[in-house]
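# next comes the sequence, and after it the predicted model I'd like to discuss.
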Amino acid sequence: MFFLFSCKEDTTILFDKSHIDSLSGIKKEKYLDSIAESLKSKNNDSLVRDLYLKIAAEYYYINEPKKSLHASLKSLQLSKDSNDSVRIAKSLYYVGDCYENSKKDSAYFYYLQAQKVYTKIHDYDNVGRMLFNKAYVLFYDGNYIECEAEVSKALRYLKKSKDYSLIYACNTLMGNCLEKLVNYDGALLYHRLALGELEKMKTHNNDKDEINNFNVTSTINICNLYDLKGEFSESIKALQDLLSEDLKKKWPRLYANVLSNLAYSKMKSGEYNNVESMFLESLRIVDSIGIESDILYKKIRIGEYFLTQKDTIKAIQSLKEAKKLAIKIKNCNEVLTSLRLLSQLDLKNSLFYANEYIKVSDSINTIQKNSHNKYARIEYETSRLEDKNKVLTKSNFYILIVSLILILVLVIIIIVRYLRYKSKEVQFLKRQQKANDEVYMLLIEQHKKIDIAKENEKAKIAKELHDGVLNKIYGVRMNLGFLNSKTDEGMVEKRKEYIFELQNIEHEIRTISHDLSRSSFFKGNDFNVLLSNLIENQKDISSTRFKYIKDKTVEWGAIQNIYKINLYRIIQEAILNINKHANAKKCEVMIQKTDKNRLKLSITDDGVGFDIKNKKSGIGLNNMKERTNSLKGKFKIESKIGNGTKIEVTFTP
């Protein structure tokens, strides 16, 4: 507790290796759990990452692969966050170890990743170690050719290495691989090279017990090759030299393997003295230790021994037990061996065992065929993905640069085009305004000419009335006045009536004359006159009675011509549509001033109307909408079939 909650916290004291080694079983696991829990609150530094790796290793040694995997992955994550290449590689290595017994392809993948990182940081001893681990996975998956290639690479990297135990392991694995490939001479060469590494280990003060174990293991491997080559005497001689009470006491498993191999070599050479007791003793030793793979091999060899002794019952019993155990621990090769021997011994069930042998053999062949290049594919696909990522990274960089340049060019083009468009739009609006002003002035000029003609005609009529008719009437009145001198009372009254009537005529004619001689009603180019004339002119060409309702508060002189000409054209277009389509009896055109100095044009008819939703807008309506938009106004149309049509245009001049 003091270590875990010290005020001056030091992560290095959390992990006490000597204390851990003194613990056993559940106590060791709980102690490691407490360290792992305390590390969760620590900051990510090299000491914390190292501690995760240390507890991952300890979990692995006490056969807790899940917890070891969790700690290894945590270290990997922290190392990646800190870009710590050394610990990234080591974490990948540890993750691969966790998967070695459960998911060989995953183990191979992580060893490959670790190898690549070690290569980048030039740690060639660990590159060799990862190659060896990959080869180990390949060997126990039955892929001996690729295993040989990986071990060869590992040995090339380890040429100048002083890690003699690793070199020993590589040579041993190469010997075992070549044995499976039936290259017995090559296998002997590498096992002897492995023994040579033991001599180097002795000079560098390596652990003597470890060296002794390696020596026994290599000797057993060499004797297996002697047996395969039929050189049983060489095998017997070498194995007998290994048997000792010291080996039996310190390393009972190795002793049992040496004893079993010696018994097997003697059996193969035809020497059966004490062979059965040697086999049974070796079986008893491994059975007491509980190593199922060793028990399996011993039972198969005992079955073979009873076969040589013609003891069919014991042979069948031993081989059945071996087959059951081989199935349990999923050792396919020994399942085949036991089935093959049973098919030869158990004549009653020979066909059954033969068929089982064929099924298992075919299944193994299918699996090996499907997975033969699995690891080569993993390596190739990993390399391909890495190369692809490099290319993609480079390509993405270039794409990014090119995209930015293109976007910049596109933005510049858009801005230039927009400015040109706005310039053209301004010029167009200026031209349009100028054209509208010219059109409006032409209308005004036209009306001026009409007014001048009217003025001339009225002056002429006034002159004729004044100088001709009035003078004559005046003369008649004067003459009647003279006649008034007569004294006849009836005539006098008669004359008075005529004279009075003539005065009335004179007064009426003078009034007409004065009216005709007044100035034109179109003063100041009043826009209302234009609209009135437009409406009045419809009487002669349309059966619809048009009425113009004007608002006297509107000061048309203060409104720009662009608004007046567009308003005039909208009314003109609406009247044209009414004449063509509405079949209306009457129509009202009204312009009024609303709130906020807005003008509102309303054109209402009682014609046939139409369905706004279903009918497409014609050219006339589109023109009115466009002119309204040019005034920055709102265009609204209401119509129903049989209920007439109402058009409203609202704008601010």
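Noted; the coordinates are in hand.
# neighbours around L408, how many?
If you count neighbours by other C-beta atoms under 10 Å, L408 ends up with 10. All C-beta spots, glycine's among them, are computed from the backbone N, C-alpha and C.
# just name the shakiest helix or strand of this structure by mean pLDDT.
One helix or strand of the chain scores below all others by mean pLDDT, DSSP states H and E: helix 470-483, with a mean of 62.
# secondary structure of F635: a strand, I assume?
Yes. Assigned with DSSP: H, G, I helix; E, B strand; the rest coil, F635 falls within a strand.
# separation between it and V275?
114 Å (C-beta to C-beta, to the nearest Å).
# next, count neighbours for the residue lying closest to F651 once chain neighbours are set aside.
Excluding its sequence neighbours, the residue lying closest to F651 (C-beta to C-beta, 6 or more residues apart in numbering) is G633, at 2.9 Å. G633 has 23 neighbours, counted by other C-beta under 10 Å.
# with S46 instead?
14.
# so it is in contact with R87, correct?
Yes. Using C-beta atoms under 8 Å, S46 is in contact with R87, at 7.4 Å.
# intersection of neighbour lists for those two?
Common neighbours of S46 and R87, counting by C-beta atoms under 8 Å, 6 or more residues apart in numbering, are absent.
# I figured Q572 hits L534, correct?
Yes. Using C-beta under 8 Å, Q572 is in contact with L534, at 6.5 Å.
# neighbour count winner among these two?
Taking neighbours as other C-beta under 10 Å, Q572 and L534 compare with L534 leading, 17 against 12.
# helix, strand or coil for the more buried one?
Recorded secondary structure, L534: helix (three-state DSSP).
# offset the numbering so it begins at 129, please.
Yes, from this point I'll number from 129; that puts the last item at L662.
# which residues are in contact with it?
Listed by C-beta under 8 Å, 6+ apart, the contact set of L662 reads 696, 699-700, 703.
# how far away is it from A702?
For L662 relative to A702 (C-beta to C-beta), the value is 11 Å.
# quick one: the strands in the chain, in order.
For the chain, the strands defined by DSSP state E occupy 673-678, 714-721, 727-733, 762-767, 773-779.
# tell me the mean pLDDT over the second one?
Strand 714-721 shows a mean pLDDT of 91.
# stretch 329-336 too?
Mean predicted lDDT for stretch 329-336 stands at 75.
# sorry, back to before: select, out of the strands of the chain, the one closest to I295.
Among these, strand 762-767 comes nearest to I295, with 92.7 Å by C-beta to C-beta.
# buried residues, that closest one. List them.
Judged by neighbour count (16 or more other C-beta atoms under 10 Å), strand 762-767 contains these buried residues: 763, 765, 767.
# repeat that for stretch 373-380.
Buried residues in stretch 373-380, counted by 16+ other C-beta under 10 Å: 375-376, 379.
# so can I have CSV of the residues you listed showing pLDDT and distance to D149?
Below are these laid out as CSV (pLDDT from 0 to 100; distance: C-beta to C-beta, whole Å):
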residue, pLDDT, distance to D149
L375, 86, 25
K376, 87, 26
W379, 88, 20
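# let me have the strands of the chain in JSON lines, extended by distance to K452.
JSON lines is the format used below for these (distance: least, C-beta to C-beta, whole Å):
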{"stretch": "strand 673-678", "distance to K452": "113"}
{"stretch": "strand 714-721", "distance to K452": "108"}
{"stretch": "strand 727-733", "distance to K452": "103"}
{"stretch": "strand 762-767", "distance to K452": "94"}
{"stretch": "strand 773-779", "distance to K452": "99"}
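# tell me which of these sits nearest to L301.
For L301, the closest of the strands of the chain is strand 762-767, at 89.7 Å, according to C-beta to C-beta.
# for the closest one, name the packing helices and strands.
Contacts defined by 3 or more C-beta pairs under 8 Å, 6 or more residues apart in numbering; DSSP states H and E place strand 762-767 against helix 747-758, strand 773-779.
# can I get it in PDB, CA atoms only?
Provided in PDB are the C-alpha atoms of strand 762-767 (Å, rounded to 0.1, in the frame of the first residue of the first chain):
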ATOM      1  CA  LYS A 762     -44.500  42.100 -55.900                       C
ATOM      2  CA  PHE A 763     -46.700  40.500 -58.500                       C
ATOM      3  CA  LYS A 764     -49.900  38.800 -57.400                       C
ATOM      4  CA  ILE A 765     -52.700  37.200 -59.500                       C
ATOM      5  CA  GLU A 766     -56.000  35.900 -58.300                       C
ATOM      6  CA  SER A 767     -58.400  34.000 -60.600                       C
END
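# ok and it relative to strand 773-779, angle-wise?
Counting by axes from the mean of the first three to the mean of the last three C-alpha atoms, to 10 degrees, strand 762-767 lies at 170 degrees to strand 773-779.
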